[in-house]
Each structure stands twice: as C-alpha cells, then as structure tokens.
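S.K.: coordinates only, sequence not included:
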C-alpha cells in the first residue's frame with residue numbers, strides 16, 4: 001500500500017469511530033441530562049472535521065509534480081497539519097472557556113443537574129476507543145513520516161482527554177454528590193493547557209516549513225559531507241535546503257576540475273545524487289549547478 005492510500009485508510013477508520021462516538025455522546029448527553037457529555041459529543045464532531053481535512057489535503061499532496069507545482073504538492077500536507085493544529089487551539093480555548101464558565105456558575109451557587117450512569121459508560125467507551133485510535137494513527141504516522149497523521153492522532157487524544165474530564169465530573173456528581181461536579185470543569189481546564197501546548201508544538205514546524213525555513217544545520221552538514229566525499233568534487237557552496245511537505249529540497253553549486261569533460265562532470269554529479277538518495281531516499285529533490293574550479297570564487 002502506498003503512502004497516500006495508507007493515510008486515507010487509517011483516517012477513514014478514525015472517521016467511522018468519530019461518527020459513532022459523536023452520535024453516542026450527543027444522544028446520551030441529552031437522555032442522561034449531562035451537559036459535559038453533550039459538549040464532549042460536539043468535540044468529537046470536530047474530530048470528524050479534522051478527518052475530512054486530512055482526506056482532502058493528503059489526496060492533493062500525493063499528486064505528482066505538474067506545471068503549476070514543479071516541486072510537487074507536498075506542502076498541502078504541511079498546510080493540513082497547520083489547519084489541524086489551529087483546530088486543536090480552538091478546542092483548547094473552548095475547553096478552557098467552558099471550564100472557567102462552569103466553575104464560575106458553580107461558585108455562584110447555581111444548581112447543576114446530576115447526570116445518569118449512561119454518561120459514565122459513554123465516557124469510558126470514548127476514552128478507550130479514542131486512546132486506541134490515537135496509538136494506531138500515531139504509530140502509522142511515525143512509520144511513514146506523516147506530520148499530518150501525527151497531528152490528527154493528537155486530535156484523537158484530545159477527545160480522549162476531554163472525555164476524562166467529562167468522566168470526572170459525571171462520576172463525581174453521581175458518586176460524591178452534586179457539589180463535586182466542579183471536578184469536571186477543573187479537569188477540563190487542566191486538559192486544555194496540555195492540548196494547547198501540543199497544538200503549538202505542531203503548528204510551529206508547519207509554519208516554518210510553509211515559510212521555507214532551511215533544514216536543521218546538522219542535516220545540511222551531513223549533506224555537505226556526503227557531497228564532498230564523492231571523488232571529483234573539489235568544493236561545495238550556495239547550499240540551500242527546505243522542506244516540501246514530507247520531502248526535502250536541496251540546491252547547491254558543485255565545484256569541479258575545469259579540465260575534465262562535460263561528460264565526466266555530469267557523471268560525477270550523478271554520483272553525488274546517488275549518494276544523497278542512498279542516505280535520504282526519493283523524498284529528497286536535488287538540483288545541482290556545476291562550476292569549474294577556477295571560476296568558483
């Protein structure tokens with residue numbers, strides 16, 4: 001199975017789970033008089049939207065190069081990662097605002113309805129299923145080096161964490177009395193901070209890639225070492241690198257003996273490309289400019 005098909009298959013599994021959980025939580029939230037569970041169901045709906053973003057953008061990013069996108073469509077995957085990160089930021093902000101609002105209402109002495117046991121079981125089902133979905137999606141995402149899948153995996157985990165907050169509030173209200181329902185918004189506020197931190201950690205690299213920030217210095221140093229180790233290469237300068245979605249782009253000037261033939265210089269450049277491809281695979285796009293040694297200054 002190729003990369004795009006694998007991402008699509010995993011995301012479709014997540015979409016089905018999210019659809020079932022959204023329906024389950026919303027129905028239980030209404031029938032069991034649990035506002036926390038109803039809000040949790042709306043959160044699961046945001047996961048469905050996240051799955052849709054992945055399916056649309058990954059299909060585009062898997063396309064070959066064309067006249068309008070000569071470096072390929074890889075950045076569409078980076079863009080999708082940024083969108084999901086922003087969605088997580090919104091989820092974190094909503095959880096924090098909701099938690100603070102509920103805490104304020106409870107401290108004012110407003111009455112809160114005690115939810116039914118069905119809300120506890122729905123929360124447990126959500127926690128287990130979304131944590132398993134997170135682990136499955138994150139494992140495949142790391143294996144195929146897909147930032148957008150890892151971002152979507154964290155969206156799944158944010159739903160599991162949200163359900164933990166719901167479980168705390170619902171169980172606290174049922175087993176400890178209505179005054180302990182404040183556990184729900186308190187847990188939600190703490191969880192929102194963790195989601196916020198993770199969203200920022202995913203958004204920053206995505207923004208850097210979209211702004212064509214160079215690859216890490218250690219990667220560039222490794223590339224330079226590989227190039228200079230090829231016999232016939234006298235020097236290397238004007239090295240430029242950047243990300244292209246899951247791939248990388250490298251441009252550089254190769255300095256060679258001015259007395260060799262064009263054919264020899266071409267063969268050496270092909271050896272350089274082969275050495276780089278051996279290290280980084282086909283995800284690396286290479287553009288080399290050849291210069292005679294006495295004109296390289």
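M.R.: Sure thing, it's come through. Owing to the predicted nature of the structure, the values given are computational and were not obtained by experimental measurement.
S.K.: CA atoms for contacts and neighbours, from now on please.
M.R.: Noted.
S.K.: Could you list every helix and strand that the longest strand anywhere in the chain packs against?
M.R.: In the chain, ranked by residue count with DSSP state E as the criterion, the top strand is strand 233-244. Counting contacts by 3 or more C-alpha pairs under 8 Å, 6 or more residues apart in numbering; DSSP states H and E, strand 233-244 packs against helix 183-210, helix 217-228, strand 247-256.
S.K.: Mind giving me the packing neighbours of the second one?
M.R.: Translated: helix 217-228. So helix 217-228, by 3+ C-alpha pairs under 8 Å, 6+ apart, packs with strand 233-244, helix 262-280.
S.K.: Just want the angle from the top helix by length along the chain to strand 233-244.
M.R.: Assignment by DSSP state H gives helix 75-107 as the longest helix of the chain. Helix 75-107 runs at 40 degrees relative to strand 233-244, counting by axes from the mean of the first three to the mean of the last three C-alpha atoms, to 10 degrees.
S.K.: which stretch among the helices and strands packed on strand 233-244 comes nearest residue 7?
M.R.: Residue 7 sits nearest to strand 247-256 of all those, at 15.8 Å, using C-alpha to C-alpha.
S.K.: Tell me which residues of that closest one come out buried.
M.R.: Of the residues in strand 247-256, 247-256 count as buried by neighbour count, 16 or more other C-alpha atoms under 10 Å.
S.K.: ok, now how distant is residue 232 from residue 225?
M.R.: 14 Å (C-alpha to C-alpha, to the nearest Å).
S.K.: so which helix or strand takes in the residue in the chain sticking out farthest from the centre?
M.R.: Note on the chain: the largest C-alpha distance from the chain mean falls to residue 259, namely 50.0 Å (C-alpha atoms, centre = their mean). For residue 259, there is no host helix or strand (DSSP states H and E).
S.K.: still on that earlier bit, export the helices and strands packed on helix 217-228 to TSV and append columns for mean neighbour count and distance to residue 100.
M.R.: Shown next, in TSV, are the helices and strands packed on helix 217-228 (neighbours: other C-alpha atoms under 10 Å; distance: least, C-alpha to C-alpha, whole Å):
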stretch	mean neighbour count	distance to residue 100
strand 233-244	18	40
helix 262-280	16	48
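S.K.: could you dump those to TSV with mean pLDDT and distance to residue 37?
M.R.: Converted to TSV, these look like this (pLDDT from 0 to 100; distance: least, C-alpha to C-alpha, whole Å):
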stretch	mean pLDDT	distance to residue 37
strand 233-244	89	41
helix 262-280	92	47
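S.K.: Include distance to residue 99 when you put those into TSV, please.
M.R.: Supplementary listing: the helices and strands packed on helix 217-228 in TSV, determined by distance: least, C-alpha to C-alpha, whole Å:
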stretch	distance to residue 99
strand 233-244	39
helix 262-280	46
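S.K.: so which of those comes closest to residue 85?
M.R.: Taking the helices and strands packed on helix 217-228 one by one with C-alpha to C-alpha, strand 233-244 is closest: 18.3 Å.
S.K.: Listing partners with orientation, what would you give for that closest one?
M.R.: Using DSSP bridges, the strands paired with strand 233-244 are strand 247-256 (antiparallel).
S.K.: Measure how the strand it pairs with sits relative to helix 217-228, angle-wise.
M.R.: Using the same axes, to 10 degrees: strand 247-256 against helix 217-228 is 40 degrees.
S.K.: Show residues contacting strand 247-256.
M.R.: With contacts defined as C-alpha atoms under 8 Å, 6 or more residues apart in numbering, strand 247-256 is touched by 74, 232-243, 265, 269, 283-293, 296.
S.K.: Thanks again, I'm all set now.
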